[in-house]
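Chemist: Sequence first, then the predicted structure, then my questions.
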Amino acid sequence: QVQLAESGGGLVQSGGSLRLSCAASGSIFSINAMGWYRQAPGKKRELVAVITSGVSTNYADSVKGRFAISKNNAKNTVYLQMNSLKPEDTAVYYCYADVTIVVLSTTLEGDYWGQGTQVTVSS
């Protein structure tokens, strides 16, 4: 019902920058929030940044001042600009969306995830 297409991962040197994009498509009534989580090998998935429909944002302490989340409502797309990358930022980054969809004349709210994009920061 909702698909999230991620792009922008890759390999970068420490101190470099990357920009992730995630576009939502499908039977979308409204997008309540979109964001990014990440999971490093052997660790739990953690919140990186989220932006709500009201444009409020929340960041993990570890990325504050280095990462910036933004969105384009017309394109149902969220972006994550990652600057001053560190080796500890290496992880699979997953796009997340809290979406209300229309099903048989009613609305349902649910969480959706992308397949993940690898970000590797070399020292």
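Modeler: Thanks, I have it.

Chemist: Direction included, what does the helix or strand of the chain with the lowest mean pLDDT pair up with?
Modeler: Taking mean pLDDT, DSSP states H and E as the measure, the chain has strand 106-113 as its least confident helix or strand, at a mean of 93. According to DSSP bridges, the neighbouring strands of strand 106-113, each with its direction, are strand 91-103 (antiparallel).

Chemist: Give the buried residues for the strand it pairs with.
Modeler: Applying a neighbour-count criterion of 16 or more other CB atoms under 10 Å, the buried positions in strand 91-103 are 91, 92, 93, 94, 95, 96, 97, 98, 99, 101. For the C-beta atoms, the positions are set from N, CA and C on the backbone; glycine is no exception.

Chemist: among those residues, which one has the lowest pLDDT?
Modeler: Taking the buried residues of strand 91-103 together, the minimum pLDDT is found at residue 101 (93).

Chemist: which residues touch the closest residue to that residue other than its chain neighbours?
Modeler: Closest residue to residue 101 in three dimensions, ignoring its sequence neighbours and counting by CB to CB, 6 or more residues apart in numbering: residue 27, at 4.8 Å. Listed by CB atoms under 8 Å, 6 or more residues apart in numbering, the contact set of residue 27 reads 1, 2, 101, 102, 103.
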